[in-house]
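Asks: Sequence plus the predicted model coming up.
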Amino acid sequence: MRNSIIWENSANYGNEIYVAYLSWQRPTKMTVSYCNVQGGVAQTYVENNCTLNWQDSNINYDPNFISSGFWMDVNDHNLPVEPNHPNAIWSGGDYHLLADSNCIDAGDNSAVPPGLTTDLDGNPRIVDGNNDGNSVVDMGAYEFPIPPLEVAMKFTPQALNPGSKGRWVKAHLVLPEGFLPEDVNTNEPLWADLMGVRIDANDVNVFVNEDGLIEIEAAFSRRDLCGAETDGSTTDVTVTGRLTSGQYFYGTDTIKIINKTFEYLGVLASHWLEGGCGAPDWCGGVDLDHNSAVDFLDFALFDGCCIEVIRQ
């Protein structure tokens, strides 16, 4: 038994662990390592001729579950009772770990079966939960999640035609100093969250930018983004990815989705060849290239446009 938490158990003998003969009277040999066992080896019971190999890697600390659960009265769920009470039933707890648990990063990575990369929730199984630079599996069924990393992001629409295939909207995310290209998990697609709709990136490019920082360029289908339900008002779009350490990273930008093409075309006509456009209005939003003038380039960018990036 490895990487496990045995707490408030009720074995026939020894409370936490009972090492007994098998039903066909063969002695049991058991090794316990990298486990958190309440009371330690003193709370185990080993029958004669059986063997318990108790390793120094075991610990005895309150695992600090979110909720340990308790015995309650079947007729009154707010009334805690003793386990031997005739009306006692068990209220299951929440066995995810709190941030101060000694079970975080306390397991043995070699004990994780090959190919098992997720915990009971489907989240990454081996992550650096205590932020010491080493990714070590946690004891128990659930891996303590690493807080997501917020990064800078710019959303860059170009020729915007919601009905065209092969045209892209791109998100540019920049990681802080200290990351390498191989730190980005390119086996899992980045995705955009637009008004509750998940849209996966069609292509991802990771490179070192001119500032020496790792930049991730994610291309999204313009058609998919324009298909998201919207009333034409400004909204935030968040793009999320994952590092090879298991940590998520995300960036957010503000965009406007315009589905009322003719109405918007009228706004463009009303500002035609107007100069002096500037933030935050940009001549009613039709100065798409933000060069302070409404001209043919804006009309070309418009081309049935659905997305406008809002800058302060």
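Replies: Good, I have the coordinates. Note that the structure is predicted; figures quoted are calculated from it, not measured.

Asks: start to end distance for stretch 281-296?
Replies: 19 Å (Cα to Cα, to the nearest Å).

Asks: Give the buried residues for that stretch.
Replies: The neighbour-count check on stretch 281-296 (16 or more other Cβ atoms under 10 Å) flags W282, C283, G285, V286, D287, L288, A293, V294 as buried. From N, CA and C alone the C-beta is placed, and that goes for glycine too.

Asks: farthest pair in these?
Replies: Taking Cβ to Cβ as the measure, the buried residues of stretch 281-296 span a maximum distance of 14.1 Å, between G285 and A293.

Asks: related to what we said a few turns ago, name the nearest of the buried residues of stretch 281-296 relative to A88.
Replies: Closest to A88 out of those is G285 (65.1 Å), distances taken as Cβ to Cβ.

Asks: Tell me how far the closest one lies from E210.
Replies: For G285, the distance to E210 (Cβ to Cβ, to the nearest Å) stands at 30 Å.

Asks: Equivalent analysis for V204, please.
Replies: Per Cβ to Cβ, V204 is found 19 Å from E210.

Asks: Pick out whichever of these two has more residues nearby.
Replies: A count of neighbours by other Cβ atoms under 10 Å puts V204 above the other of V204 and E210, at 17 against 6.

Asks: In terms of pLDDT, where does the more buried one sit?
Replies: At V204, the pLDDT value in this model is 94.

Asks: That one contacts E188, correct?
Replies: No - look at V204 against E188 with Cβ atoms under 8 Å: they stay out of range, at 9.5 Å.

Asks: Give the residues shared as contacts by the two.
Replies: Common contact partners of V204 and E188 (Cβ atoms under 8 Å, 6 or more residues apart in numbering): G241.

Asks: how about the helices of the chain, start to end?
Replies: For the chain, the helices defined by DSSP state H occupy 222-226, 261-270, 296-302.

Asks: ok now stretch 63-77, how far from the chain's centre?
Replies: Between the centre of stretch 63-77 and the centre of its host chain there is 28 Å, according to Cα atoms, centre = their mean, to the nearest Å.

Asks: ends of that stretch, how far apart?
Replies: Termini of stretch 63-77 sit 25 Å apart (Cα to Cα).

Asks: buried sites along it?
Replies: Result for stretch 63-77 [16+ other Cβ under 10 Å]: buried residues P63, F65, W71, M72.

Asks: So which of the residues you listed are in strands?
Replies: F65, W71, M72 (DSSP state E).

Asks: For the second one, which residues are in contact?
Replies: Neighbour list for W71: P80, V81, E82, P83, H85, A88, I89, W90, S91 [criterion: Cβ under 8 Å, 6+ apart].

Asks: Which residue is the nearest non-sequential neighbour of the fourth one?
Replies: Using Cβ to Cβ, 6 or more residues apart in numbering and skipping residues adjacent in sequence, the residue nearest P83 is W71, 5.1 Å away.

Asks: beta partners for I199?
Replies: Beta bridges link I199 to A192 when assigned by DSSP bridges.

Asks: tell me the domain ranges of this protein?
Replies: Domains of the chain are assigned by automatic domain parsing as 1-144, 149-256, 261-309.

Asks: Against T118, how distant is the residue nearest to P83?
Replies: 32 Å.
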